[in-house]
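S.K.: Here is a sequence together with a model predicted from it:
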Amino acid sequence: MRNILIVARKEIQEGLRNRWVLATTLLLAALALTLTFLGSAPTGNVGVRALDIVIVSLSSLTIFLLPLIALLISHDAIVGEMERGTMLLLLSYPIARWQVVLGKFLGHLAILAFATLLGYGAAAVALAVTGEVIDAESWKAFASMIGSSVLLGAAFIAVGYLVSALVRERGTAAGIAIGIWLVFVLIYDMALLGLLVVDQGQTISGNLLSTLLLLNPTDVYRLFNLSGSGNVSALSGMAGVAQNTALSSSVLLAALAVWALFPLGLATLAFSRREL
């Protein structure tokens, strides 16, 4: 455990030195505050709670932005150190390869979790300071959104590690990482929507739709946050999708956890068998 924490601390220190922590936190905070004040402006006229609108806005932002950030900070975690020659130096110490991977993962996850908590938390604090009435249900939905955002980031960090453990060059890893982002964030949903339109409910049942949604971590995240709370579900327009699937909140959280653990396990296995 000590070796893992040492590697994690090293990654955090490098993130601070390379301004990753500062840049990510400021970016998330700036976008969160912008969406908060622009998106919650009409709530006095339509009678909805301001924080619920913020949750919908931030969830949509997270789906596009957080996977990209996660892939950018993780795609060269292994192959980058191998190209620089620092991996050989690191493994010259009494440390196992799986400890290197897990330590790096925890360090990058800590960076992303800190940036998400501070950046998105600024939005809730800003609303509270302006005197908006926020009830317990909205706070619970907001906390769930932050927690699941970190879990989504963990999933894409793990995917980035798998790419980094399999390729031989940093440039290749970067190209594959961008391709993965495009597939999961844009192409997959467009293809699924086209398939549903063509099918017209003839062959795609609710169970099959649930399975197809579970194959994309961003869809799992979207369903968890935009259909969990009644008010948020109504605002996001996801109530109909939620009714046609048999996916509970616990199943969706478990799916996000699997999306984080399974690629990380594969990355560890690939790195353990790789020649340096």
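M.R.: Thanks, I have the structure now. Everything quoted here is computed from the prediction, not taken from an experiment.
S.K.: What ranges does the stretch 51-200 of the chain have for its helices?
M.R.: For the stretch 51-200 of the chain, the helices defined by DSSP state H, counting those that start in this stretch cover 79-84, 86-91, 97-129, 136-166, 170-182, 188-199.
S.K.: Looking at the ones you listed, which is nearest to residue 251?
M.R.: helix 136-166 (13.0 Å; Cβ to Cβ). The C-beta positions use only the backbone N, C-alpha and C, and glycine is treated the same way.
S.K.: Show me what counts as buried in the closest one.
M.R.: Applying a neighbour-count criterion of 16 or more other Cβ atoms under 10 Å, the buried positions in helix 136-166 are 138, 141-142, 144-166.
S.K.: picking that back up, want to throw the helices of the stretch 51-200 of the chain into CSV with distance to residue 69 and mean pLDDT?
M.R.: Formatted as CSV, the helices of the stretch 51-200 of the chain follow (distance: least, Cβ to Cβ, whole Å; pLDDT from 0 to 100):
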stretch, distance to residue 69, mean pLDDT
helix 79-84, 17, 88
helix 86-91, 23, 85
helix 97-129, 7, 89
helix 136-166, 7, 91
helix 170-182, 10, 93
helix 188-199, 19, 85
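S.K.: Mind checking those helices for the one nearest to residue 267?
M.R.: Nearest of these to residue 267, taken as Cβ to Cβ: helix 136-166 at 4.0 Å.
S.K.: Distance from the chain centre to the closest one, please.
M.R.: The chain centroid and the centroid of helix 136-166 are separated by 4 Å under Cα atoms, centre = their mean, to the nearest Å.
S.K.: Residue 104: neighbouring residues, count only.
M.R.: Residue 104 has 25 neighbouring residues, counting by other Cβ atoms under 10 Å.
S.K.: and stretch 191-206, how far from the chain's centre?
M.R.: 27 Å.
S.K.: quick revisit: can you put the helices of the stretch 51-200 of the chain in CSV and add distance to residue 269?
M.R.: Below are those laid out as CSV (distance: least, Cβ to Cβ, whole Å):
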stretch, distance to residue 269
helix 79-84, 16
helix 86-91, 16
helix 97-129, 9
helix 136-166, 8
helix 170-182, 18
helix 188-199, 25
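S.K.: out of those helices, nearest to residue 250?
M.R.: The nearest among those, by Cβ to Cβ, is helix 136-166 at 11.9 Å.
S.K.: follow-up on the earlier one: which one of the helices of the stretch 51-200 of the chain lies nearest to residue 64?
M.R.: Residue 64 lies closest, by Cβ to Cβ, to one member of the helices of the stretch 51-200 of the chain: helix 170-182, at 9.0 Å.
S.K.: buried residues in the closest one?
M.R.: Result for helix 170-182 [16+ other Cβ under 10 Å]: buried residues 170, 173-174, 176-177, 180-181.
S.K.: would CSV of those residues with distance to residue 118 be doable?
M.R.: CSV is the format used below for the buried residues of helix 170-182 (distance: Cβ to Cβ, whole Å):
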residue, distance to residue 118
170, 29
173, 28
174, 27
176, 30
177, 25
180, 26
181, 23
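S.K.: and which of those residues is nearest residue 56?
M.R.: Lowest distance from residue 56 to the buried residues of helix 170-182 (Cβ to Cβ) belongs to residue 181, with 21.9 Å.
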